[in-house]
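Chemist: Sequence and predicted structure, then a few things I'm wondering about:
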Amino acid sequence: VLGLLTWALIADTTYYLHAAYGWVMFVAIFFWILTVIFLAIYLLQLHLKFHIVPWSLVLVIFNATATVLYITAFVTCSAAVKPTSWRQWDYNRRAAASFFACLVMVAYGASTFFSFCAWRGLGSNAATSQVTNRA
C-alpha cells in the first residue's frame, strides 16, 4: 500500500519534467509489481509446489535489493523536492511521496531483517527451544 501511494503521488505530478523522478517511478512501480507477485505466490501457496527454489533466500535477496534501491529512490525524491516550485500542488505531492518512500524503505528494511532471520534459522520460538529428546 505504501509503495502504491509513493508511485501514485509522483505519477500525479509533472514528474516527466524532472529526470530524478523517473528513477523514483521505476523503483516504486518495479518493486510494487514484484511485491504483488510474491504476495500472490504466497497466497496461492505456489511456493510449496516448487521445492527446488530456495524461497527464504529469494526473499532475503529481494528485500535487500528493494531496501537498497528504495534508499536511493528516497534520497533522490527528497533531494528533488523544491519548496519554490511554480506548482504548489506538485510540491505537496512530491513531499508526501518522499515521506511514503521513506516508510517503504523502512518496511523493506524490516522485512529484510525478518526474512534473513527466517533464512538463517534464527528466532525459534520458546516451545521448540524447550523440547528435549527423551525416548
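Modeler: Thanks, I have it.
Chemist: leaving aside the residues next to it on the chain, what's closest to Ala97?
Modeler: Leu9 (3.9 Å; CB to CB, 6 or more residues apart in numbering). Every residue, glycine included, has its C-beta placed from N, CA and C.
Chemist: quick one: secondary structure of the nearest residue to Ala28 once chain neighbours are set aside?
Modeler: Among residues not flanking Ala28 along the chain, Trp7 sits closest, at 3.6 Å (CB to CB, 6+ apart). Under DSSP: H, G, I helix; E, B strand; the rest coil, Trp7 falls in the helix class.
Chemist: what sits against Trp7?
Modeler: Val24, Met25, Ala28, Ile29, Trp32, Ala97 (CB atoms under 8 Å, 6 or more residues apart in numbering).
Chemist: Would you map the helices across the chain?
Modeler: Under the criterion DSSP state H, the chain contains helices at 2-11, 19-43, 55-80, 88-120, 126-129.
Chemist: who wins for proximity to Lys49 among the ones you listed?
Modeler: Distance to Lys49, taken as CB to CB, is lowest for helix 19-43 among those, at 9.7 Å.
Chemist: Now do the buried residues in that closest one.
Modeler: Tyr21, Val24, Met25, Val27, Ala28, Ile29, Phe31, Trp32, Thr35, Phe38, Ile41 (16 or more other CB atoms under 10 Å).
Chemist: which residues of this protein score low on pLDDT?
Modeler: 15, 84-89, 122-135 (pLDDT under 70).
Chemist: could you redo the last one with a cut-off of 90?
Modeler: 1-25, 42, 45-56, 76-98, 118-135 (pLDDT under 90).
Chemist: And the spatially most central residue of the chain, how far from Thr72?
Modeler: The centroid of the chain falls nearest to Tyr108 when counting by CA atoms, centre = their mean (4.2 Å). Per CB to CB, to the nearest Å, Tyr108 is found 12 Å from Thr72.
Chemist: same thing with Leu48?
Modeler: 34 Å.
Chemist: which of the two has more neighbours?
Modeler: Shown here are Leu48 and Thr72; by other CB atoms under 10 Å, Thr72 has more neighbours (13 against 10).
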